[in-house]
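Asker: Okay, here's the prediction I keep looking at, along with the sequence it came from:
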Amino acid sequence: MTQTIKANCSTDLSIRDKKSAFKTHSPEETQEIGVRIGSQLSPGDVVALIGDLGAGKTCLTQGIAQGVGVYQNQTVNSPSYILINEYEGKIPIYHIDLYRLERLEDIVALGLEDYLDGDGICVIEWADRMGELLPESHIRVIITVEDEFTRAVEVLPTALK
Ligand SMILES: Nc1ncnc2c1ncn2[C@@H]1O[C@H](COP(=O)(O)OP(=O)(O)O)[C@@H](O)[C@H]1O
Ligand SMILES: [Mg+2]
């Protein structure tokens, strides 16, 4: 996390008011989208990341952490074994990965309510597995693999009524 990624993409990205869609052509570009999302996040926000294994969810989360302003020298990687990683910063981030929890009852058993209802930011990989547990108001990011280096990244604010 020592490297600073410049968020210089010209397409509008507003996580509260409207949908936006991007094509990225490298992990760095996907991180850059993450930086732009992270810089707009506030305490209590939930970011739901949806996409196959290797789509770029963890890569995007690295950018989100930078955009939120986590303190330096914290490694952002997939918490597949630990399930939840916490990063300290201006706002704490709870990075949750549900890859290993296919059954809803196992996710329920994790007791995510305290994280979801708290003042940190939750970034959740495989959030589509949460069903009703996912708060209605969240920022949904869908990443689709188009080819080896190309990803379609859609950012959808679901708080919109
Ligand atoms: N445009 C891109 N955006 C993100 N990752 C990419 C891109 N092109 C190639 N990759 C590669 O895809 C992989 C994404 O991994 P990761 O972020 O761990 O995925 P996930 O968390 O969705 O399983 C990395 O190996 C990365 O180098
Ligand atoms: Mg991952």
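Answerer: Structure's in. What do you need? Ligands and ions are numbered 1, 2, ... in the order given.
Asker: Any idea how many residues pack against L133?
Answerer: Neighbour count for L133, taken as other CB atoms under 10 Å: 16. The C-beta positions use only the backbone N, C-alpha and C, and glycine is treated the same way.
Asker: any idea which element T144 lies in?
Answerer: strand 139-145 (DSSP states H and E).
Asker: For the following helix or strand past that strand, output the C-alpha coordinates as CSV.
Answerer: The helix or strand immediately downstream of strand 139-145 is strand 151-157, counting by DSSP H and E. Taking only C-alpha atoms (Å, rounded to 0.1, in the frame of the first residue of the first chain), the coordinates of strand 151-157 have been written out as CSV:
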residue,chain,number,x,y,z
ARG,A,151,-12.8,-6.4,-16.9
ALA,A,152,-16.3,-4.8,-17.0
VAL,A,153,-16.9,-2.9,-13.8
GLU,A,154,-20.4,-1.7,-13.0
VAL,A,155,-21.0,0.5,-9.9
LEU,A,156,-24.7,0.6,-8.8
PRO,A,157,-25.9,2.6,-5.9
